[in-house]
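[1] predicted model, plus sequence, below.
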Amino acid sequence: METVYPQIVTSADMLKSTIQLEPLIEKLKSNHAKAVAITNSTLYGIMPFWHEMKKHHIHPVIGLSINVQLDEKCVPIVIYAENNKGYENLLKISSGLETRELAELPKKWLSAYKDGIIAVYKGDKKYSQEALMELNDLFGNTNLYIGVVRTNGAKQDFEDEIIEASKQSTIKMTIFHMSRYVQKEDAFAFEVLNAMDQSLKMADRNRLKPTEDSYHVLTTKEWTEWYSDVPEWLENTKTMLDRCHIDFDRQAHIMPKFPLPDQGSPKDYLRALCEEGLNIRLDEVTQKYKERLHYELQIISEMNYEDYFLIVQDFMKFAKRAGILTGPGRGSSASSLVAYSLFITDVDPLRYGLLFERFLNPERITMPDIDIDFADSRRMEVIRYVAEKYGKNYVSQIITFGTLSAKAVAREVARIFGFESSTLEAISSFIPNKNGITLKEAYAQSQKLREFIQTEEIRKKWFQVALALEGLPRNASTHAAGVVLSPIPLVDVVPIQMGHDGLFLTQWPMKEVEQVGLLKMDFLGLRNLTIIERILKIIHKNQGHSFTLSTIPMDDTHTFQLLQNGDTTGVFQLESAGMRQALKQIHPTKFEDIVAVNALYRPGPMESIPLYAKRKLGQLQVTYEHPVLQPILQETYGIIVYQEQIMQIASQMAGFTFGEADLLRRAVSKKNRDILQKERTHFVQKALQLGHSEQVASAVYDLIVRFADYGFPKSHAVAYSVISYQMAFLKAHFPVPFYCALLSTATGNQEKINQLVMEMKQKGIPILPPSIFNSQAFFTAEDGGVRFGLQAIKGVSHAFIQKLLHQRRNEARKWEDLFDLAADLSAIHFTRKNIEPLIKAGALDQFGEARSTLLATLDAAVKYAELVSPTEDTDLFEGNVTHFGKSKYIRTDELPLMVKLQFEREVLGQYFSEHPTVLKKKNMPQKVANIWDVVQSSKDWKVTVVGLIQDIKKIRTKKGESMAFVTIQDETGSISITLFPEDYAKYNFLLEEHAIIVVEGKSEHRNGRTQIIGKLVSQ
């Protein structure tokens, strides 16, 4: 017998079902399912459901479960799309509910959108004759059904009343069985999910339990046995689902239209803009540029993509007008001269040999993909501009779903089970920290997890439930970049809901939005652009420069010197230890070297870095498989680095068009054996026609195959290397603004701040201590140095800093002492919690009192504030507290140096006054190396260093002996010391945190890091 399923709620209906498509399809196939309807409470998940069912030859039906507010009462109904008109109305109904965040649909809306819709009203205990009649008036008895459910097959008391109503009204009856999990034994896991949805624990008395335990996908046997006495209900259910047919096949691209300033065509307007832009870009537009522009415009026109380019150039123009920093290009769009002419990108594709077909391939029609980077702090301004220009109903951000990962589901289920918080922590530690790890993998890898589960029955139950719920969608959020733009109202094509900032959000994620042909654009926020923006602001403010990024010369000696030294802390994409090593090896002398290192520094291709370096430095001869490859691979010393080079080889060697060459590159990168053989024959035959020998053609083809998935898009590497180069230039020429901006961005990341401060000390850039008189919230440039920002002091609240800065701006006079400050800030802000960290950080040193005295006087000053200025609005002495008489300082002895330094470390994360190792070094009889010099040196040498212990990590060797890795720090940097068992046994009594030790040993470079294999000499 063929079965049909009128109501499947899938896990896409967040936390309302455990049904995932794969196990569902298995069950449906085993039951010979003929038709199946998805009836979630939103339209989440309908596309993958529809396509999967089609693939497995099961008839898919799209439905929606809603509540309707009728004249008398609110009732739940299920509505189905009978045809495409009905489907469009479902989109509007769901969008209406979600954008207005309504729990029920007003009757007048249902009336307006009822065309093409079939409705089912549930006949149960809450059944109402009036509601049925109202629905009948709306839909008529052909498009309205009454549905009855028999929980576990039991006939209900009220069935006869419903049957009678059905006869009277001639409204047919169907079966209202809803499935929320696949197998009957999944009921408990669903109950846990339901508790999660309510944010309650299983033991909570207020928890609403599922109303029944037969929400599983029924077997054929259950269908027939439970409803054997009413075969016409089954028949009606089948007929109803059979009536529902919608066509979801891929539509053409729904390309938005750009509002033209006059009546001309987009084609002419685009050409005019490009020609105008190219004349601004270039001193002379040569024939080569004219031909390339003509060629690109021709392809864009054939594909009807003019409007797309016009839309992008328009919002880029807005960003530049608004002073929002945009990236030089991203991905393959940098290979377009049209994009360069329109100021969408800042990379001249002809100068760097970038191929347009890597972006738009005439042989493979796909949507163009221009992703734009904006300074992350201002990206929303551009999205808002687009929404305002094209209309709120035509622009939307894209939804993305977060799923329950192994760690999240394990913790969440444990919390619902009522496990102790310490147990939750333990569970987290049992699951390895590996991206994308599954619970099954964790169980196989972690003995502790296995032992934990085996000890108690409740834990076994916990693990079973966690396995059942793993991977289910947990929450919805906004995609980091994607924005959709449509020429017709979005609700005609895609369901929407309310998002943030008054913008809509699609109910479907990226893939499904693109499946229906909508244009998706990526507005990406790039933190490094925000940093550059900050650097430029500081340069303009402090140095009065009219400096712009466009005036940076691409052959600057100082910049290349900085890169050759690997001095790239804070430089986009070039920061990692391995990348610094690569830069030192390659010794960049031209911009193209940075492009190459950016492209090569990835797993696989990075093996070519030493070869590139040796060939560049003339230590190895550059060789080519064939002379035809020389002009193509010359710039990368005979090594294939870029996808574009593969395309050029196929073009030169076998006469492929660049479009065909791009298809070849894509095909062979998949490493499918049949395709490889087919393409080899094709390539070799075409190469033979051009007069090459079979042996040479075959050897070059092998080369293409080997590098097809190694190759990196040169367009992307060039564009991102522009940002790398710009940041390196700014660091080389404007170090104070550079460090200033970087430190401000790093607020809250102590390790990063320490690294930057160490580097500045090394370069002799003055670092000025925090000061309540001179510091701003963030780091600022001052007197050729960098002033610490108040926000970098741990424990000082944001509200306090705002108040302090506000008072400082408003006060003509400066505070003379602690009591002045107390009276001015009021007792609301002048608290021990806020002021103590300031004193410890040295921010009040300008009062001319010892920190010990300020700390001893603090309580008296707090009392003084409470007396004279208890709130911000009450100043008992109208700004003049002098006649009241101030308290006196409680003077005490200076703090011992180590205590003072420990206080600084506590609130600033580092020693700000003289580092404790400096004095020790001065008193050392032998020559002592600075840790910075050891780290920076490329050679291994015998050294003696003095350092303060930051961290001690003790381990046991395979033989069971103890050894240790000790991190020590002096005023110039930090380094790891390896103490092998013999030395560890001798000196472990000296190992205490914050102890100062002298170490002798040999420096060693491994994996881009420096360490000392050493022995302790003394404390």
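    Alright, I've got the coordinates. Being a predicted model, the structure only gives us computed values, none of them experimental. Numbers count the residues shown, from 1 in each chain.

[2] any idea how far Glu212 is from Arg891?
    For Glu212, the distance to Arg891 (CB to CB, to the nearest Å) stands at 78 Å. (C-beta placed from N, C-alpha, C; glycine too.)

[3] no, scratch that, I was asking about Gln776
    Relative to Arg891, Gln776 is positioned 31 Å away (CB to CB).

[4] repeat for Ile949
    Note on Ile949: its distance to Arg891, by CB to CB, is 34 Å.

[5] mind checking which of the two has more residues around it?
    Under the criterion of other CB atoms under 10 Å, the comparison of Ile949 against Arg891 puts Ile949 first, with 19 against 11.

[6] could you pull up phi and psi at the more buried one?
    In this entry, Ile949 is assigned phi and psi values of phi -70, psi 120 (degrees, to the nearest 10).

[7] my guess is it contacts Glu992, does it?
    Yes. Between Ile949 and Glu992 a contact is recorded at 6.7 Å, counting by CB atoms under 8 Å.

[8] Ser1003: which element?
    When elements are defined using DSSP states H and E, Ser1003 is found to belong to strand 996-1006.

[9] what packs against that strand?
    The elements that strand 996-1006 packs onto, with contact taken as 3 or more CB pairs under 8 Å, 6 or more residues apart in numbering; DSSP states H and E, are helix 916-922, strand 942-956, strand 1009-1018.

[10] can you redo those as CSV with mean pLDDT and distance to Pro106?
    Compiled in CSV, the helices and strands packed on strand 996-1006 are given as follows (pLDDT from 0 to 100; distance: least, CB to CB, whole Å):
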stretch, mean pLDDT, distance to Pro106
helix 916-922, 81, 73
strand 942-956, 87, 64
strand 1009-1018, 75, 66
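
[11] in a markdown table: those, plus distance to Ser336.
    A markdown table is the format used below for the helices and strands packed on strand 996-1006 (distance: least, CB to CB, whole Å):
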| stretch | distance to Ser336 |
| --- | --- |
| helix 916-922 | 56 |
| strand 942-956 | 50 |
| strand 1009-1018 | 41 |
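
[12] nearest to Ser608, out of the ones you listed?
    When those are ranked by proximity to Ser608, the top entry is strand 1009-1018, at 22.0 Å, counting by CB to CB.

[13] identify the residues contacting the closest one?
    With CB atoms under 8 Å, 6 or more residues apart in numbering as the test, strand 1009-1018 has contacts from 577, 934-935, 937, 943-945, 975-980, 983, 986-987, 990, 997-1004.

[14] report the central residue of the chain.
    Among the residues of the chain, the one closest to the centroid is Ala480, at 6.0 Å (CA atoms, centre = their mean).

[15] report pLDDT for that residue.
    Here the pLDDT value assigned to Ala480 is 85.

[16] low-confidence regions, the stretch 401-550 of the chain specifically.
    Screening the stretch 401-550 of the chain residue by residue with the criterion pLDDT under 70, one finds the ranges 544-545.

[17] just the helices in it please.
    Counting by DSSP state H, counting those that start in this stretch, the segments of the stretch 401-550 of the chain that form helices are 406-416, 421-430, 439-445, 447-454, 457-469, 510-515, 527-543.

[18] most packed of the ones you listed?
    With neighbours taken as mean count of other CB atoms under 10 Å, the helices of the stretch 401-550 of the chain reach their highest mean count in helix 406-416, at a mean of 21.

[19] please name every helix or strand in contact with it.
    When contacts are defined as 3+ CB pairs under 8 Å, 6+ apart, helix 406-416 packs onto helix 187-197, helix 421-430, helix 439-445, helix 457-469.

[20] go again with 6 Å.
    Under the contact criterion of 3 or more CB pairs under 6 Å, 6 or more residues apart in numbering; DSSP states H and E, the helices and strands touching helix 406-416 comprise helix 187-197, helix 421-430, helix 457-469.

[21] now those in CSV, with distance to Lys34?
    As requested, the helices and strands packed on helix 406-416 are arranged in CSV below (distance: least, CB to CB, whole Å):
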stretch, distance to Lys34
helix 187-197, 26
helix 421-430, 44
helix 457-469, 28
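
[22] right, and those - which one's nearest Thr10?
    Of all the helices and strands packed on helix 406-416, helix 187-197 sits nearest to Thr10, with 12.7 Å by CB to CB.

[23] the closest one - what's its average pLDDT?
    According to the model, helix 187-197 has a mean pLDDT of 95.

[24] now that helix against helix 457-469, angle please.
    Using axes from the mean of the first three to the mean of the last three CA atoms, to 10 degrees, one finds that helix 187-197 and helix 457-469 are set 80 degrees apart in direction.

[25] and after helix 187-197, which helix or strand comes next?
    Following the chain from helix 187-197 toward its C-terminal end, the next helix or strand by DSSP H and E is helix 220-226.

[26] which residues touch that next one?
    Contacting residues not belonging to helix 220-226 are listed as 1, 3, 31, 150, 153 [CB atoms under 6 Å, 6 or more residues apart in numbering].

[27] tell me how far the longest helix seen in the chain lies from the chain's centre.
    For the chain, the helix reaching the highest residue count under DSSP state H is reported as helix 714-733. Between the centre of helix 714-733 and the centre of its chain there are 22 Å (CA atoms, centre = their mean, to the nearest Å).

[28] gap between Thr892 and Gln1011?
    43 Å.

[29] next: Trp815.
    Here the distance between Trp815 and Gln1011 works out to 49 Å (CB to CB).

[30] flag the shaky bits of the stretch 151-300 of the chain, pLDDT-wise.
    Low-confidence segments of the stretch 151-300 of the chain (pLDDT under 70): 249-252.

[31] that older thread, out of the helices and strands packed on helix 406-416, flag the one nearest Arg100.
    When those are compared by CB to CB, helix 187-197 sits nearest Arg100, at 22.1 Å.

[32] and stretch 693-712, what's buried?
    Neighbour counts over stretch 693-712 (16 or more other CB atoms under 10 Å) mark 696-697, 700-701, 703-705, 707-708, 710-712 as buried.

[33] try stretch 640-653
    The neighbour-count criterion (16+ other CB under 10 Å) identifies 640-653 as the buried residues of stretch 640-653.

[34] which helix or which strand is home to Arg809?
    With elements taken from DSSP H and E, the one containing Arg809 is helix 798-810.

[35] next secondary structure after that helix?
    helix 818-829.

[36] okay, the angle between that next one and helix 798-810?
    130 degrees.

[37] more crowded one of Thr892 and Gln1011?
    Set side by side, Thr892 and Gln1011 show more neighbours around Gln1011, with 19 against 14, by other CB under 10 Å.

[38] give me the contacts around the host helix or strand of Glu381.
    Under the criterion of DSSP H and E, Glu381 resides in helix 379-390. For helix 379-390, the external contacting residues (CB under 6 Å, 6+ apart) are 315, 318-319, 374, 395, 483, 503, 523, 525.

[39] top of these by neighbour count?
    Top of those by neighbour count (other CB under 10 Å): Phe374, with 26 neighbours.

[40] got the angle for the helix or strand containing it vs helix 714-733?
    Take DSSP H and E as the rule and Phe374 turns out to sit in strand 371-375. Between the axes of strand 371-375 and helix 714-733, defined by the same axes, to 10 degrees, the angle is 20 degrees.

[41] correct me if wrong: Glu1000 contacts Val943.
    No. Checked against CB atoms under 6 Å, the pair Glu1000 and Val943 is beyond contact range at 7.4 Å.

[42] look at these two and report which has more neighbours.
    In terms of neighbours (other CB under 10 Å), Val943 is the more surrounded of Glu1000 and Val943; the figures are 21 against 14.
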